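# Build the 3D model from these lines:
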Amino acid sequence: MLRQQDVGHRIVVRRIVGIREGRPLFSDALGELVELSETHLTLATAQGRLRVPVAEVHRAKRVPPTRRPTAAAVVELELAADEAWPAAVRGRLGDWLLRAADGWTGRANSALPVGDPDRPLPAALDAVERWYADLGQPALVNTPLPLAAPVGAELDARGWGSGPPVLVQTVPLAGLPPAAAGSPPVELATAPSDDWLAVVAGRKGGLPDAARHVLTAVGQVRFAHVYADGALVAIGRGTVTGSGRWLGLSLIEVRPEARRQGLAGRVIRALADWGATTGASRAFLQVEQRNTPAVALYRALGFTTHHTYLTRTAPH
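Below you'll find the predicted structure:
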């Protein structure tokens, strides 16, 4: 049978769904195990979440992970994520994207090497370094893996450093669990309040003008606010990009005194409900692998890792 170590992994479950002529009838389910208790197990399947009583489980086991996403799928999601976090200053190097936003966040201040840079790889990286030098900023390159592994190998040879691995995680909107009942409500606005911006400034170490562009210069965007006793205790941001398919979730933050009350899940659910009304069908987010509390939360909500990326930093 399954153990807690199997949570977060892909499993197959054969369960008893009935009896016919004295013999049990079985049904199989395949998905990621997101919760395991003494009485139930919960899977995130392609059709949505499935909660199965342990008493109905005939057999269950871990199976190998699903195949890696195609290169086209990684490019599609990376471009949707770029659209959801738009840098104020942008350039192109063939298909590669060059982005800058006064140094506010690595995502908005890094090259995205997807597609053909229209020149040999060493020359492309030389051009990236010149572009950032002209702006007076350190050169950063985000390398989606395994798609940009050749870029990563060239950066290794040049002595570039690396930030912590970042998980790009996705879930079908239909697979998200319903929000827990309770108060206070989640309020969605088309613009961030001053209190909302203050929380982000505290988390990100400031809020230059370019940051406001990153946060607001998206056609479809909502800012989640949760107030308790007049104080803002939780926030979140949702965008719809990628030809309307992808709901991007970012800046999900709960004040320390309000944690462990389900507020982060309720913010995500509220943004997901809004995204669904626009026609989005899947959600994505980006989280550092070492942020284990956040990774555990997103796993419980059904998110799985689509691919990873590293932010590479030029040597001084």
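
# what's the helix or strand harbouring L77 in contact with?
If you go by DSSP states H and E, L77 is part of helix 71-84. Helix 71-84 is contacted from outside by 69, 97, 99, 107, 112, 114-115, 144, 147, 168, 170, 218, 239, 241-242, 245-246, 248, 250, 284, 286, 306-307, using Cβ atoms under 8 Å, 6 or more residues apart in numbering. In this view, the C-beta of every residue, glycine as well, is placed from N, C-alpha and C.

# Which positions within it qualify as buried?
V74, V75, E76, L77, E78, L79, A80, A81, D82, E83, A84 (16 or more other Cβ atoms under 10 Å).

# How far off centre is it?
12 Å (Cα atoms, centre = their mean, to the nearest Å).

# likewise stretch 272-281?
So, by Cα atoms, centre = their mean, the centroid of stretch 272-281 is 16 Å from its chain's centroid.

# just the helices in the protein please.
Here the chain has its helices, by DSSP state H, at 71-84, 121-135, 149-157, 194-204, 209-216, 263-278, 292-300.

# and those, which is most packed in?
Highest mean neighbour count of the helices of the chain: helix 263-278, a mean of 21 (counted as mean count of other Cβ atoms under 10 Å).

# can you pull the contacts of the spatially closest residue to L135 that is not a sequence neighbour?
Computed as Cβ to Cβ, 6 or more residues apart in numbering, the closest residue to L135 that is not its neighbour in sequence is A100, at 5.4 Å. Applying Cβ under 8 Å, 6+ apart, we find A100 in contact with A87, A88, V89, R90, A108, N109, Y132, L135, Q137, A210.

# Tell me the one of the residues you listed nearest R260?
Nearest to R260, judged by Cβ to Cβ, of these is A108 at 31.2 Å.

# Now the closest one: closest residue in space, sequence neighbours ignored.
Setting aside the residues directly before and after it, A108 is nearest to A101 in space (Cβ to Cβ, 6+ apart), at 3.8 Å.

# Pretty sure that neighbour sits against L135.
No. Using Cβ atoms under 8 Å as the test, A101 is too far from L135 to be in contact (10.4 Å).

# Give me the common contacts of these two.
The contact sets of A101 and L135 overlap at V89 (Cβ under 8 Å, 6+ apart).

# Flag the shaky bits of this structure, pLDDT-wise.
Scanning the chain for pLDDT under 70 picks out the ranges 5, 8, 66.

# ok, back up a step: now the buried residues of helix 71-84 in JSON lines, with distance to L50?
Shown next, in JSON lines, are the buried residues of helix 71-84 (distance: Cβ to Cβ, whole Å):
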{"residue": "V74", "distance to L50": "27"}
{"residue": "V75", "distance to L50": "31"}
{"residue": "E76", "distance to L50": "27"}
{"residue": "L77", "distance to L50": "25"}
{"residue": "E78", "distance to L50": "30"}
{"residue": "L79", "distance to L50": "32"}
{"residue": "A80", "distance to L50": "27"}
{"residue": "A81", "distance to L50": "28"}
{"residue": "D82", "distance to L50": "33"}
{"residue": "E83", "distance to L50": "32"}
{"residue": "A84", "distance to L50": "29"}
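
# Okay, and the beta partners of the residue most central in space within the chain?
What sits nearest the mean C-alpha location of the chain, by Cα atoms, centre = their mean, is L285, with 1.4 Å. L285 has these beta-bridge partners by DSSP bridges: Q169.

# Contacts only, for the residue nearest to A108.
Contact partners of A101, counting by Cβ under 8 Å, 6+ apart, are A87, A88, V89, A108, N109, P208, A210, A211, H213, V214.

# Tell me the one of those residues nearest Q4?
Relative to Q4, the closest of the contacts of A101 is A108; by Cβ to Cβ it sits at 38.0 Å.

# coming back round to it: present the helices of the chain as TSV; the columns should include distance to R222.
Output for the helices of the chain, formatted as TSV (distance: least, Cβ to Cβ, whole Å):
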stretch	distance to R222
helix 71-84	12
helix 121-135	31
helix 149-157	34
helix 194-204	11
helix 209-216	11
helix 263-278	5
helix 292-300	19
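
# For A55, find the nearest of those helices.
Minimum separation from A55 across those (Cβ to Cβ) falls at helix 292-300, 22.4 Å.

# could you give the angle of the closest one to helix 263-278?
Going by axes from the mean of the first three to the mean of the last three Cα atoms, to 10 degrees, helix 292-300 is angled at 50 degrees with respect to helix 263-278.

# quick one: helix 292-300 to chain centroid distance?
Remark: helix 292-300 is offset 11 Å from the chain centroid, using Cα atoms, centre = their mean.

# Next: stretch 202-220.
Counting by Cα atoms, centre = their mean, stretch 202-220 comes out at 18 Å from the chain centroid.

# Over to stretch 144-155?
Distance, centroid of stretch 144-155 to centroid of chain: 20 Å (Cα atoms, centre = their mean).

# mind checking the end-to-end distance for that stretch?
13 Å (Cα to Cα, to the nearest Å).
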